[in-house]
Structure formats: C-alpha cells, structure tokens
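> The sequence isn't on hand, but the structure is:
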C-alpha cells in the first residue's frame, strides 16, 4: 500500500512524533506488516501511565473484528500488578486502536459499545479510512465521562480542535473527589466511635 502524505493516517503519525510519541518499529514494518505502535509515558498526579496509539491495517471492518480487537487490547494493557491495580482508578493507560480500513466504505456501526475501561486501561477504537480521508470516533456521549476528553485529545492531534486538551484532568479530579469522600467517611466512623 503506497502511503499518501496527505492521508489521515500519515498526518496522525507525523503529529504523534511531534508530540513526543515514539515507536520501536520502522515505517517499513507498517507498510509490510500493517501494524505499528506509538507510545508516550505520562505522569498523572501520583501515578505514571502511558498513552498508546496502535495502528492496524484491516481489509474489512465488522463487529467481530471490533469485538476481538477490543478484548485483546484491553487484556494486554490492563493493570496486572497489585500497585497498578491500586492506582487503576486513575485510568492511567489510554489505548487508541486506530483500525485503518483498506476499503473506502466506512463502518457505520456505533463504536461506543467497544469503548472499554478495565484495570486502569481505557481502550478507544477509532476507524480511519485513508482513501476518503475520514475518521470515525465513538460518540461524545456524556455517559462516557473521562472518555470524552480523550476523544477530544485525538481530535486536537488531528487538527479538528484548536485548543489543547488535558485528557487526564477529569480523571485526576475524580480521584481527588474519591479520596475526599473516603477521608470524610473515615472521620465520620472515628467520630461515631468517640461518641
């Protein structure tokens, strides 16, 4: 597959490099094998994390492919050690799986059902169709909470948004609110024992 420098995939890869993402793979591997991974370490409050972009070229996109990739990627990146599980409330690993369709027929199925948060990892599938320069995201539904800023961050990287987006801010806020609630509950319990 000949890379077009103006296509959405090439533009995103170039922007990722400019934003400090790196890959251990060579672009020739992407062209030959159809998969490349970009990553960047993140510091989120008291936790360290990672933002990962996995580009996978697929000949055809359907529900089975979405389900299998979602399960596989989440199992790979969710927290495994005790300390990672303890800090998993921060959802410190974000994985954007960019499914690059070789056909020009975008998959119109809702992607929301495949957005997964598990064990400190947030998995977000994104469909990219270079032939027609199109990107399909999960809907920016309010019920997705901390996922919305992550999708807005991707839109920022693709120059669809002008303002920079701190995708971890709502997660950190939720963490501190949770800590505050736990502290208040502990104080209430201690106060009840005193009286």
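Nice, I can see it. If you're wondering where the values come from, they're calculated on a predicted model, not measured in any experiment.

> in the longest strand along the chain, what's buried?
Using DSSP state E, we find that the single longest strand of the chain is strand 47-58. For strand 47-58, the neighbour count (16 or more other CB atoms under 10 Å) marks 47, 49, 51-58 as buried. Placement of C-beta: from N, CA and C, glycine included.

> Now tabulate these in TSV and tack on distance to residue 159 and pLDDT.
TSV is the format used below for the buried residues of strand 47-58 (distance: CB to CB, whole Å; pLDDT from 0 to 100):
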residue	distance to residue 159	pLDDT
47	29	62
49	24	77
51	18	89
52	21	92
53	16	93
54	21	93
55	18	93
56	23	91
57	23	90
58	25	87
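
> Just give me the closest of the residues you listed to residue 26.
Using CB to CB, residue 55 comes nearest to residue 26 of the buried residues of strand 47-58, at 13.5 Å.

> Who are the contact partners of residue 150?
94, 96, 122, 124, 167 (CB atoms under 8 Å, 6 or more residues apart in numbering).

> Which pLDDT value belongs to the last one?
Listed pLDDT for residue 167 reads 61.

> Likewise for residue 25?
Looking at residue 25, its pLDDT is 90.

> Check for me that residue 94 belongs to a strand.
Yes: counting by DSSP: H, G, I helix; E, B strand; the rest coil, residue 94 falls inside a strand.

> thinking again about what came up before, quick one: name whatever helix or strand follows the longest strand of the chain.
Moving toward the C-terminus from strand 47-58, the next helix or strand (DSSP states H and E) is helix 63-77.

> ranges for the helices of this protein?
In the chain, helices defined by DSSP state H lie at 8-18, 27-33, 63-77, 82-86, 147-157, 169-194, listed in chain order.

> Between those helices, which one is closest to residue 131.
Nearest of the helices of the chain (CB to CB): helix 8-18, 10.0 Å.

> Packing partners of the closest one?
The contact analysis (3 or more CB pairs under 8 Å, 6 or more residues apart in numbering; DSSP states H and E) places helix 8-18 against strand 35-44, strand 47-58, strand 93-101, strand 121-129, helix 147-157.

> Return the set of buried residues in it.
Neighbour count says helix 8-18 has 8-9, 11-13, 16 buried, by 16+ other CB under 10 Å.

> List of residues touching that helix?
With CB under 8 Å, 6+ apart as the contact definition, helix 8-18 has outside contacts at 3-5, 36, 38, 40, 53, 55, 98, 100, 128-130, 133-135, 157-159.

> Now, of those, which are buried?
Buried members of the contacts of helix 8-18, counted by 16+ other CB under 10 Å: 36, 38, 53, 55, 98, 100, 128-130, 135, 157-158.

> Alright, calling it a day.
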